[in-house]
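Engineer: need coordinates for the following:
(one chain, ligands or ions: 1)
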Amino acid sequence: MLSRIIKSTYHLILYAIFLALLLSLDLVLTTLNIVLPSRVPARGGSRYRSPIVPYSFSPSKPPLFSVMPVVHLLCRVAKAVGSERGAGPDWLKQWTTWQGIGSNGNWGAPIPPTPLDSRSPCPGLNALATNGILPPDGRDITFSQMAAAVSRAYNISPTLATQLTLPLLPLFAGRKAIDLEDVCAHGVIEHDGSLLRPDVFSAEHRRDPQALTHPHQALIDRLFPDITLRLDTPIREQLLPADFSKALTERRLECYKKSGQYYDGIFNKLVGSGGCALMFEVMGGDVARLREWSGSMDQAGSGISFSGEEPHGFERMPSGYWQPCSQGALGLTIVEAQLRMLQIELACGSTDSARIIRRNMRGHLVSTSSASTT
Ligand code: HEM
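Structural biologist: As a prediction, the model looks like this:
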């Protein structure tokens, strides 16, 4: 028993030290982002200035020192330890290898998932698998592989990419790699009141146990209405942070009313607004692009997957020329993402009205049941 307590305390202290180091490094990167010139879109880029999504590199073909000094040095170390032959730690291999998909603004042809492929509740990760940046079958993904892919493709700083992946650490216990569906573990990151997926305890999820792993067309249509449909009500082509706050408030109230098991602790709320902050910072507010990326079915008939009982879309990187909106020299940092998250969360309305309705409903149910028993 005592040895267990000592072991847990030791791990807790290690974790706290790691987080403190990560945040300190992130503060440095945030400051550098302010003083260094932003990355340039691929079209205007040159070999000597890093495009938003880097060109391909590997230990035997490192990027120029003047463009990516840290990666250049890491590539040299990786070559020396034989990382390309499978020697050395996995993190060194993953952070020194990049295929360069998307560096010229073209993300290649999407590979629709088959029923055997694994997908997560996260559009950001699923789109990377569809476009071959993560394994298209969504399986056997290591911690560093996930963090490095997210960092390179979306121009997210290594500190933020690590922080996003860190909550998954318990899932890696006893194994080196996970499948994307493992990310569905409820309460780890997956939570109630999501904008783009039904809740785990909802009737919809009971009807379709795979509902978390594929896009939900009705929720996409609500959040990102099709601007090509000439509807009576005017539709916004660009969303702002305030639109995400409004959508989160409505969705939380809706889920609260629908399920007695709905739980919206502060951590859950921040994960929800954090997802919106990432989406806004990386993808921007362009509704048409967001529809495509989040897996809508209606892009010229493409993006339809028949893997489930009903056809549904699949997440994919935007077609045509596209570059991430996060253009900081060192990528979007934890501080930058959290400021956006706070802006979105603080503008959200409270769910108190739903609490009152639920309490009144309970009162009504109790009074009717006691009336029927007397
Ligand atoms: C390693 C990195 C990442 C991990 C482990 C991760 C994990 C997750 C998980 C588990 C969810 C489900 C949460 C829920 O229940 O709603 C989620 C949702 C989401 N993620 Fe990620 N994610 C990562 C990176 C990203 C990136 C880079 C973006 C944006 C470019 C992104 C955007 C989103 C969005 C928009 C949602 C949906 C939120 C909602 O439906 O309310 N994620 N992510």
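
Engineer: please count neighbours and contacts with C-alpha atoms only from this point.
Structural biologist: OK.

Engineer: just the helices in the stretch 251-374 of the chain please.
Structural biologist: Along the stretch 251-374 of the chain, counting by DSSP state H, counting those that start in this stretch, helices occupy 266-283, 287-293, 334-346, 352-373.

Engineer: check which element follows whichever strand or helix holds His11 along the chain.
Structural biologist: Using DSSP states H and E, His11 sits in helix 2-35. Using DSSP H and E, the helix or strand that directly follows helix 2-35 along the chain is helix 69-81.

Engineer: show me what counts as buried in that next one.
Structural biologist: Val71, His72, Leu73, Leu74, Cys75, Arg76, Val77, Ala78, Lys79, Val81 (16 or more other Cα atoms under 10 Å).

Engineer: can you list those in TSV and add pLDDT?
Structural biologist: Formatted as TSV, the buried residues of helix 69-81 follow (pLDDT from 0 to 100):
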residue	pLDDT
Val71	97
His72	97
Leu73	98
Leu74	98
Cys75	98
Arg76	98
Val77	98
Ala78	98
Lys79	97
Val81	96
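
Engineer: enumerate the residues of the stretch 251-374 of the chain near the ligand.
Structural biologist: Residues of the stretch 251-374 of the chain lying close to the ligand by Cα under 6 Å from any ligand atom are Gly272, Gly275, Cys276, Leu278, Met279, Val282.

Engineer: let's see it at 8 Å
Structural biologist: Within the stretch 251-374 of the chain, the positions adjacent to the ligand are 271-273, 275-283, 294 by Cα under 8 Å from any ligand atom.

Engineer: take the residues you listed and lay them out in a markdown table including pLDDT and neighbour count.
Structural biologist: Formatted as a markdown table, those follow (pLDDT from 0 to 100; neighbours: other Cα atoms under 10 Å):
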| residue | pLDDT | neighbour count |
| --- | --- | --- |
| Val271 | 96 | 17 |
| Gly272 | 97 | 24 |
| Ser273 | 97 | 26 |
| Gly275 | 97 | 19 |
| Cys276 | 98 | 23 |
| Ala277 | 98 | 26 |
| Leu278 | 98 | 21 |
| Met279 | 98 | 19 |
| Phe280 | 98 | 22 |
| Glu281 | 98 | 21 |
| Val282 | 98 | 22 |
| Met283 | 97 | 22 |
| Ser294 | 97 | 27 |
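
Engineer: show me the contacts for the residue nearest the centre of the chain.
Structural biologist: Centrality entry for the chain: nearest residue to the mean C-alpha point is Gly124, 4.2 Å, by Cα atoms, centre = their mean. Residues counted as contacts of Gly124 (Cα atoms under 8 Å, 6 or more residues apart in numbering) are Val150.

Engineer: how close does it sit to Asn106?
Structural biologist: 17 Å (Cα to Cα, to the nearest Å).

Engineer: next: Leu64.
Structural biologist: In terms of Cα to Cα, Leu64 sits 22 Å off from Asn106.

Engineer: quick one on the thing from earlier: what's the helix holding His11 packed up against?
Structural biologist: In terms of contacts (3 or more Cα pairs under 8 Å, 6 or more residues apart in numbering; DSSP states H and E), helix 2-35 is packed against helix 158-165, helix 334-346.

Engineer: tell me the most buried of these?
Structural biologist: Between the helices and strands packed on helix 2-35, helix 158-165 has the highest mean count of neighbours, a mean of 21, where neighbours are mean count of other Cα atoms under 10 Å.

Engineer: is it in proximity to the ligand?
Structural biologist: Yes: for helix 158-165, a contact with the ligand is found by Cα under 8 Å from any ligand atom, at Ala161, Thr162, Gln163, Leu164, Thr165.

Engineer: wait, isn't the first one in contact with Val150?
Structural biologist: Yes: when contacts are counted by Cα atoms under 8 Å, Ala161 is listed as touching Val150 (6.4 Å).

Engineer: let me know the pLDDT of the residue nearest to the centre of the chain.
Structural biologist: What the model reports as pLDDT for Gly124 is 98.
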